[in-house]
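Participant: what's the 3D shape of this:
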Amino acid sequence: MLVRHLSYFVTLAREKHFAKAAEACNIAQPTLSAAIRKLEEDLDARLVVRKRRFVGLTAEGEKVLAWGRQILTDYNSLKDDLSGAREGLTGALKLGVIPAAMPAVSFITARFSAANPTASVEVHSMSSRAIQDGLDAFELDGGMTYLENEPLERVRRLPLYQERYVFVARRDHPLAKRTSLTWREAAEERLCLLSEEMQNRRIVNAVASAIGVEVKPEVISNSFLGVCSHLRHGEWAGIVPHTFFYVFRAERDLVAIDLVDPVHTQAIGLVLSDREPRSPMADALLSSALTVDLETELENALRASA
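Facilitator: Sure thing, here's the model as predicted:
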């Protein structure tokens, strides 16, 4: 009963509405309310601020929410572990990935799916901060993100590859025939870049700032698809990770020029919650990632697509 009541309580905290939480739990609202009151009695603590409608959690309720998420995750992981030993891993791998790492994620998920054919994969494009929140709330099994700049906390890290940066423009751009370009020169162009909630953009800002330059894009987007659209239009150029062309190489009207002075690289890797035992999904994800030489495979794929 404790597990069931905790599940109702965590759902209420997520939905912030008794009726919506009851619907999500597939029970009647009085049943949900009674379960929350029973949980409060068992724990001898008031968990929910009650008025005419759901207002929020008490300080004790916030503590119970953190423990409840962990207990439910461990309970479900136990069931998955026992079931997986008999029938193979089932359910969905939930993976948060920063936009800059999206071109590389399939190299990991392909291994995972081959090793776990009865499991599915959910890939969510997220900022590094959202990945941290998702891991802390046990809503993600793992993430792919930057490892050095603004590092995540309470995680186990597995380096995967080094990201470097290129200047991208149409083939008819005045700089298109250059083999390299300085960051200072790139910053003077009309740019379309990611928005500043994305860590990739904050890295670009930091590199430019270190040489006394400020990047002032005319257009920003929280999606590389949006960036690519503007680059193809021709009025703007961009500063993007070198893996950009693994996904967008079909756009033959675009060229990539190496950025120098400085040549900057940034480590991208897999992050998992730093707790033992790991969930079966997280364990399977790590096992799959350990079989991939992502640095080499990405370089081979980029050369082949070129």
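Participant: look up how far residue 189 lies from residue 231.
Facilitator: According to CB to CB, to the nearest Å, residue 231 stands 11 Å off from residue 189. (Glycine included, C-beta is placed from N, CA and C.)
Participant: again, but for residue 167
Facilitator: In terms of CB to CB, residue 167 sits 8 Å off from residue 189.
Participant: looking at these two, which is more packed in?
Facilitator: residue 167 (25 against 19; other CB atoms under 10 Å).
Participant: quick one: the helix or strand the more buried one falls within to chain centroid distance?
Facilitator: Residue 167 belongs to strand 155-170 when assigned by DSSP states H and E. Taking CA atoms, centre = their mean, to the nearest Å, the mean C-alpha location of strand 155-170 is offset from the chain mean by 14 Å.
Participant: returning to that earlier point: tell me, what's touching residue 167 and residue 189 both at once?
Facilitator: Residues touching both residue 167 and residue 189 (CB atoms under 8 Å, 6 or more residues apart in numbering): 175, 237.
Participant: returning to that earlier point: identify the contacts common to residue 231 and residue 189.
Facilitator: Here residue 231 and residue 189 share the contacting residues 169, 237, scored by CB under 8 Å, 6+ apart.
Participant: which residues of the stretch 51-200 of the chain score low on pLDDT?
Facilitator: For the stretch 51-200 of the chain, the stretches flagged by pLDDT under 70 are 81-88.
Participant: all the strands of it, residue numbers only.
Facilitator: Per DSSP state E, counting those that start in this stretch, the stretch 51-200 of the chain carries strands over the ranges 54-57, 91-97, 119-125, 142-146, 155-170, 180-182, 192-194.
Participant: so which of those strands is nearest residue 296?
Facilitator: strand 155-170 (8.9 Å; CB to CB).
Participant: strands paired with the closest one, and their directions?
Facilitator: When pairing is defined by DSSP bridges, strand 155-170 lines up against strand 238-241 (antiparallel), strand 254-260 (antiparallel), strand 265-273 (antiparallel).
Participant: give me the contacts around the shortest one.
Facilitator: Contact partners of strand 238-241, identified using CB under 8 Å, 6+ apart, comprise 100, 103, 163-169, 186, 191-193, 200, 204, 215, 224, 227, 230-231, 259.
Participant: also stretch 12-21?
Facilitator: Defining contact as CB under 8 Å, 6+ apart, one finds that stretch 12-21 is touched by 8, 11, 24, 29, 32-33, 36, 48, 53-54, 56-57, 61, 65.
Participant: count of neighbours near residue 124?
Facilitator: Neighbours of residue 124 using other CB under 10 Å come to 14.
Participant: now do the same contact list for it.
Facilitator: 94-97, 134, 140.
Participant: what's the spacing between the host helix or strand of residue 245 and its chain's center?
Facilitator: Element membership for residue 245 (DSSP H and E) is helix 244-248. A distance of 19 Å separates the centroid of the chain from that of helix 244-248, by CA atoms, centre = their mean.
Participant: buried ones in it, by neighbour count?
Facilitator: For helix 244-248, the neighbour count (16 or more other CB atoms under 10 Å) marks 244-248 as buried.
Participant: one step back: deepest of the strands paired with strand 155-170, which one?
Facilitator: strand 238-241 (a mean of 26; mean count of other CB atoms under 10 Å).
Participant: put the alpha carbons of that strand into PDB.
Facilitator: Listed next in PDB are the C-alpha coordinates belonging to strand 238-241 (Å, rounded to 0.1, in the frame of the first residue of the first chain):
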ATOM      1  CA  GLY A 238      26.500  30.100 -38.400                       C
ATOM      2  CA  ILE A 239      28.900  28.600 -35.900                       C
ATOM      3  CA  VAL A 240      28.000  25.000 -35.300                       C
ATOM      4  CA  PRO A 241      29.500  21.700 -34.000                       C
END
